[in-house]
Structures are given as C-alpha cells and as structure tokens.
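K.L.:
Quick one, fold the following:
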Amino acid sequence: MYRVYGDKISGNCYKIALVMNELALPHEWVDIDIVGGETRTTKFLAMNPNGRVPVLDLGDGRYLSESNAIIGYLAEGSPLLPVDDFHRALVYQWMFFEQYSHEPNIATSRFIMKYLGSPADKKPALERRRKPGYQALDVMEGQLSTREFLTGDHFTIADVALYAYTHVAHEGGFSLKDFPSIRAWLSRVEIRPGYVPMTMD
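P.N.:
Take a look at the predicted model:
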C-alpha cells in the first residue's frame, strides 16, 4: 500500500489525493505540519532531502517527491496519462505551465494569505504576483473556451495539476468572476465519480 506524507490543504498534496481517488488506489495518508517544521526533521529529510511535501512512500524502500512527478508515476498505464506521444507531451506541457506560470503566482499568494496570514511585509510580494497570476488564468481561459478539458475531451493529470490551486485561487486573492470557461471546467472536474474535496475529512 502507498503511504502519502502531506498537508491536506496544500494544493500540491491535494493533487495526489485526487489521483489516488480517481484511480481507487489504496493508500494511507500521514499528516505533516509544514508550518510547524515537520518537513525539516531527520526522518523526513531522509525521504526527501528538499524538505517539502508531498512525498510518496512506495512501500519498498523507495520514495518519490515533487507533486507532478508523483501523479505522473501513479497515472502510468491509466486513462489519466495518454499513450499517444503527442497527446502525452501536451499533458506535460500544461504541467510545466502549472509549475512555472501558475503555481509561483497563484499558489504562492495563497500560501502568504492562508498560511502566513498576509503579514504587512509580504504585501509587495502579493502585488508582484497579481499580474502574472491573472495572465496564467487568461491562458487557461483561452484554452478551456474551446474544449472540455485542458488537452481535449478527456480528463488527464494536466487537469489535476491545474485544478488543485485554481479552485482555491480566491484564497490567494484571485477572482474567477471574469473566467467563465475556467468556472465551467471546475464544475466538470467536481462532478467526476472519483472526485474528492480538498478537506478529505
């Protein structure tokens, strides 16, 4: 059985929960307090020297970190990861977009506001992330205006990767009011039989 070390309200950890439930993979969840320093313990650093969640324990002495690497591993051989080379590359394209254009702005803003409580000294950092964050949402809106899911008609781990922080973008100060295609896509994800909400309680 897989064991996942993570924080239930972290978007990166939530990606793992979504894929685990979508594919009905047996697993155990171990809560990690990222603010309280539990990722800096000797035990945790032995699993992931980078000291970040999530970490997937494969149960055979091997560990995997980085959320998109983990969901890629879990999705192998399933409908969530296409077999066709080009379609698979499109999935990776959107996952790289998530890590380089979306997550640094939307997820980081959420961390500052939800985890740190929006301290005054972080206000400039929040402001710097507004424009590029909305630019990332604009790119998604354009893509989703002509297709059901990010790479076409089928739900993939690209949708998982971007759903995780987009559906809580408001917690980072981003409004989705002007993004009807994104809102419709969020609803399509949320009616899937394997969907599980972020709280997972």
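
K.L.:
Quick check: which element contains Ala46?
P.N.:
According to DSSP states H and E, Ala46 maps onto helix 42-47.

K.L.:
cool, Ser78 as well?
P.N.:
Going by DSSP H and E, Ser78 is not in any helix or strand.

K.L.:
OK, contacts around it?
P.N.:
Listed by CB atoms under 8 Å, 6 or more residues apart in numbering, the contact set of Ser78 reads Leu23. Using the backbone N, CA and C atoms, a C-beta is placed for each residue, glycine as well.

K.L.:
Identify the single longest helix in this structure, thanks.
P.N.:
Longest helix in the chain by number of residues (criterion: DSSP state H): helix 123-144.

K.L.:
What lies in contact with that one?
P.N.:
97, 101-102, 104-106, 108-109, 112-113, 118, 150, 162, 166, 169, 172-174, 176, 179-182, 184-185.

K.L.:
Those residues in strands, which ones?
P.N.:
Among the contacts of helix 123-144, none falls in strands (DSSP state E).

K.L.:
Which of these are buried, as a ChimeraX select command?
P.N.:
Listed next is the ChimeraX selection for buried residues among the contacts of helix 123-144, using 16 or more other CB atoms under 10 Å:
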select :97,101,102,105,106,108,109,112,113,150,162,166,169,172,173,174,179,182,185
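
K.L.:
The chain: helices as residue ranges?
P.N.:
Under DSSP H, the chain gives helices at 11-22, 42-47, 67-75, 85-97, 108-110, 123-144, 157-166, 180-190.

K.L.:
winner for burial among those?
P.N.:
A comparison of the helices of the chain by mean neighbour count, using mean count of other CB atoms under 10 Å, puts helix 157-166 on top with a mean of 27.

K.L.:
okay, it in CSV with CA atoms only?
P.N.:
Coordinates of each C-alpha in helix 157-166 appear next as CSV, following Å, rounded to 0.1, in the frame of the first residue of the first chain:
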residue,chain,number,x,y,z
ILE,A,157,-3.3,14.7,-14.9
ALA,A,158,-2.9,18.1,-16.6
ASP,A,159,-6.4,18.9,-15.3
VAL,A,160,-5.5,17.5,-11.9
ALA,A,161,-2.3,19.6,-11.7
LEU,A,162,-4.1,22.9,-12.5
TYR,A,163,-7.4,22.2,-10.7
ALA,A,164,-5.6,21.9,-7.4
TYR,A,165,-4.7,25.6,-6.9
THR,A,166,-7.2,27.1,-9.4
